[in-house]
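Asker: Dropping a prediction and its sequence here:
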Amino acid sequence: MNIPVTLLVLFVFLPLSGGGLLFLFPERGRKILPMLFMVNSILAGYMIYLGFEERVVFSGSFGVEIAFDGPGFILTLMNGIVFLAVSLSLADRPFPPITLSLISMLHGTANAVFISNDLFNVFVCVDLAGILGFLLIRMGRKPRQVWSAVKYLLTANVGMIFYLLGCLQVYTHTGSFSISTLGDVPPVAVALLLTGLSVKGGILAMGLWLPEAHGEAEAEISALLSGVIVKVGLAPMFRIASVSSLAHGFLSFIGPIAAIWGVCYAMAEKDLKKMLAYSTLSQVGFAISVPALGPFYAASHGVAKAWLFLSAGRMPGKSIEYLQNKGVEISSWLPLILGSLVIAGMPGFALYSAKGLIMSSQEGWKLALLYLASLGTAIYYSKLLFIPPLRQGKLTGRSGSSDLILLGALIAGGYRVGSYGISQIFSSLSLLLSGIALYLLLRERVTPLLPYWQEEIDHILGLTLLFCLLIWGVFAL
Amino acid sequence: MDIVMVLRVILLALVAIGLAGLLVKRNLIMKIIAMDIMNTGVISLYVLAAWRRGKAPLTTDLSIPQASADPVPQAVIVTAIVIGFSILSLLVVYVMDLSRYFHTLDTERIQKKWHR
């Protein structure tokens, strides 16, 4: 193994074993962890710059495989940046000492998912990420947190049982767990794998555990959930879709529908954090609608949404109406507004260029739905744009530096890949402005479109089963 | 009929029973047990798959009888058993916590209290 590969594998093992050590010395972590995350992001950024690519296959032909490639590095970079920002803003707040070691382990696990290219590694790491996420959601020890965490773990584990069945199908047909052999497996295997992952990735109704969990967890934890754990479910999907035409066709079909469906929920939501969670459901739809470009979109969204959740944690209240009436200190107002503009598609940031790339490779009804979803995104983020600032307070210390890191990453992403043709800037600006105008027309008139019972646990489980049968049925024909 | 086929049908039925229990039962403990039944069905399917392939493990020596099990699914499923067990125990612990807060384990009633 050459040096870069050894170094990169270290970024799975260091955070995992470091997490174990931090149980013993929790105080050290406050200083060491941000440094670890920073080195990780710098390394991942450098690898993207080099265009480094390598595959490592372990133990012969059983398909235990690690792939260091562009999509993996983009998500690893996002992972490093989000964790860096979260660990910096955790430093200002009191929290149970165990949090730091859980966060460190979650970081290593997420890195492992982003670089592994075989089904069983993915299963183990995704499940580990799920357990760590469960422990983090219930960190505040409120009853509602415990319930949403239990709901999350139960649904996610049922999803992973489907996934295991899919793995078995793949193994009996190809004699290997490698994702690169998925090209010619029977449709039922692909259907089972995708169903399992879509519970984690928050796609359509299978992701409905997500709003409660993200809404109830502490703000820093929600940032990790939306920024990283959802992407842990999406990353293997992108890998599967790059080799299996079945999965590719299905994801690009379901993506625009998921995007507009999330918008319908977010439009009517009055709670700030829950609205951000519904927005994640919708943005996931954008990411999977073009699986090849998905990693970049998912990474940009992860950074932007982590920023929004971090700033939502500094708000004096949870209800959007209350915030609109009372106003917010300018130091917490600025990140919230900037983050909303980024997700709504303001030119100059990472999500604008990612959205541009995705739109330009779509056509027909999918493009129409995605435009509609972008308009809807601008409409519901306008709720936040009309929160007035109060002239007091200023950006301070470490939380300020986490804001700067996330902002810098978003601008750099927009600069690196962006296309700034006049027509593209014009169309996204006009979408944004007409979204704001429509919000002013519609405000007060929007009532909940979709009822709460859809988020009940039986409903999520039943729809998971139906979804699996549906994919199988559609693909087998 | 082939014995492998019969076993496979039985195990798939086990998975289906677990799934049905998850959907029908309202009590959280019952849901968790149903989830475990489903998990057990899948694990046994892996064991069955290992038996069927029948290659000698980790050797090319043909003097060893050929009807031994394929080691890969077994190695894999040991990991899955451990993960399933840890998730099961975590869930049971926190369901205990929930019963203290909500004084019921009925999911419908918990969700009603939740939404109020």
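Answerer: Structure's in. What do you need?
Asker: Pick out the residue in chain A sitting closest to chain B.
Answerer: Nearest residue of chain A to chain B: A:P143, at 3.7 Å (Cβ to the nearest Cβ). All C-beta spots, glycine's among them, are computed from the backbone N, C-alpha and C.
Asker: residues touching the nearest residue to that residue once chain neighbours are set aside, list them.
Answerer: Spatial nearest neighbour of A:P143, chain neighbours left out: B:Y101 (3.7 Å); criterion: Cβ to Cβ, 6 or more residues apart in numbering or on different chains. Contact analysis of B:Y101 by Cβ atoms under 8 Å, 6 or more residues apart in numbering or on different chains lists A:P143, A:V146, A:W147.
Asker: now A:S245
Answerer: A:S245 touches A:G183, counting by Cβ under 8 Å, 6+ apart.
Asker: hang on, the earlier thing: point out the least confident member of the contacts of B:Y101, please.
Answerer: By pLDDT, A:P143 ranks lowest within these, coming in at 81.
Asker: packing partners for the one helix or strand A:I48 maps to?
Answerer: Assessed by DSSP states H and E, A:I48 sits inside helix A:26-50. Packing contacts for helix A:26-50, counted by 3 or more Cβ pairs under 8 Å, 6 or more residues apart in numbering or on different chains; DSSP states H and E, involve helix A:3-24, helix A:70-90, helix A:98-115.
Asker: by how many degrees do the first one and helix A:98-115 diverge?
Answerer: Looking back up the chat, that one is helix A:3-24. 160 degrees (axes from the mean of the first three to the mean of the last three Cα atoms, to 10 degrees).
Asker: Next, the angle from helix A:3-24 to helix A:70-90.
Answerer: 30 degrees.
Asker: returning to what we had before: now do the same for the residue nearest to A:P143: helix, strand or coil?
Answerer: helix (DSSP: H, G, I helix; E, B strand; the rest coil).
Asker: quick revisit: give me the number of residues near the residue of chain A closest to chain B?
Answerer: Residue neighbour count, defined by other Cβ atoms under 10 Å in any protein chain shown, stands at 17 for A:P143.
Asker: can you pull the contacts of residue 84?
Answerer: I went with chain A, as the question did not name one. A:P34, A:F37, A:M38, A:S41, A:S402, A:I405.
Asker: nope, chain B please
Answerer: With Cβ under 8 Å, 6+ apart, B:G84 has these contacts: A:N157, B:D36, B:N39, B:I43.
Asker: What of B:L90?
Answerer: A:I131, A:F134, A:L135, A:L153.
Asker: tell me the two of those residues that are most distant?
Answerer: A:L135 and A:L153 (9.6 Å; Cβ to Cβ).
Asker: where's A:V57, which helix or strand?
Answerer: Going by DSSP H and E, A:V57 is part of strand A:54-58.
Asker: picking that back up, verify the stated contact: the residue of chain A closest to chain B with B:S99.
Answerer: No: in this structure, A:P143 is not within contact of B:S99 by Cβ atoms under 8 Å, at 10.7 Å.
Asker: can the helices and strands packed on helix A:26-50 go into a markdown table with extra columns for distance to A:I161?
Answerer: Formatted as a markdown table, the helices and strands packed on helix A:26-50 follow (distance: least, Cβ to Cβ, whole Å):
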| stretch | distance to A:I161 |
| --- | --- |
| helix A:3-24 | 25 |
| helix A:70-90 | 25 |
| helix A:98-115 | 18 |
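Asker: Relative to B:I32, which of those helices is closest?
Answerer: So among those, helix A:98-115 is nearest, using Cβ to Cβ, at 22.7 Å.
Asker: tell me the mean pLDDT over that closest one?
Answerer: 87.
Asker: what does chain B put close to chain A?
Answerer: B:15, B:19, B:22-23, B:28, B:31-32, B:35, B:38-39, B:42, B:45-46, B:49, B:53, B:72-73, B:76, B:79-80, B:83-84, B:86-87, B:90-91, B:94-95, B:97-98, B:101-102, B:107-108, B:110-111, B:114-115 (Cβ under 8 Å from any Cβ of the partner chain).
Asker: how many other residues sit next to A:G159?
Answerer: 28.
Asker: mind listing what it touches?
Answerer: A:T195, A:G196, A:L197, A:S198, A:V199, A:K200, A:M206, A:T464.
Asker: Find the helix or strand that the fifth one is a member of.
Answerer: Secondary structure assignment for A:V199, by DSSP H and E: helix A:187-201.
Asker: For that helix, name the packing helices and strands.
Answerer: helix A:119-137, helix A:143-174, helix A:230-243, helix A:245-268, helix A:457-476.
Asker: got these as a markdown table, with distance to A:L369 columns?
Answerer: What follows is those, written out as a markdown table (distance: least, Cβ to Cβ, whole Å):
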| stretch | distance to A:L369 |
| --- | --- |
| helix A:119-137 | 29 |
| helix A:143-174 | 26 |
| helix A:230-243 | 19 |
| helix A:245-268 | 4 |
| helix A:457-476 | 18 |
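Asker: per-residue pLDDT, the residue nearest to A:P143?
Answerer: 82.
Asker: Kindly report the same for A:S61.
Answerer: Looking at A:S61, its pLDDT reads 59.
Asker: How about A:R239?
Answerer: pLDDT, A:R239: 88.
Asker: That one touches A:S178, doesn't it?
Answerer: No: A:R239 is beyond contact range of A:S178, at 10.5 Å (criterion: Cβ under 8 Å).
Asker: Output the set of residues of the stretch 351-477 of chain A in proximity to chain B.
Answerer: Near chain B, when you scan the stretch 351-477 of chain A using Cβ under 8 Å from any Cβ, you find A:Y452, A:E456, A:I457, A:D458, A:L461, A:G462, A:L465.
Asker: By neighbours, which of those residues wins?
Answerer: A:I457 (24 neighbours).
Asker: my read: that one touches B:E108, true?
Answerer: No: if you go by Cβ under 8 Å, A:I457 and B:E108 don't touch, sitting 9.5 Å apart.
Asker: Check the spacing between the residue nearest to A:P143 and A:E455 real quick.
Answerer: 19 Å (Cβ to Cβ, to the nearest Å).
Asker: now A:L100
Answerer: Applying Cβ to Cβ to A:L100 and A:E455 gives a distance of 31 Å.
Asker: Of these two, which one has the most company?
Answerer: Taking other Cβ under 10 Å, A:L100 and A:E455 do not tie; A:L100 has more neighbours (25 against 21).
Asker: low pLDDT regions in chain B?
Answerer: Counting by pLDDT under 70, chain B contains low-confidence residues at B:1, B:52-69, B:115-116.
Asker: Out of the helices and strands in chain A, which is least certain?
Answerer: Ranked by mean pLDDT, DSSP states H and E, the helix or strand of chain A with the weakest confidence is helix A:397-417, at a mean of 70.
Asker: buried ones in whichever helix or strand comes after that one?
Answerer: Per DSSP H and E, the first helix or strand lying C-terminal to helix A:397-417 is helix A:422-442. Buried residues in helix A:422-442, defined by neighbour count with 16 or more other Cβ atoms under 10 Å in any protein chain shown: A:Q424, A:I425, A:S427, A:S428, A:L431, A:L432, A:G435, A:I436, A:Y439.
Asker: Just give me the neighbour total for B:S99.
Answerer: Neighbour count of B:S99, defined by other Cβ under 10 Å: 14.
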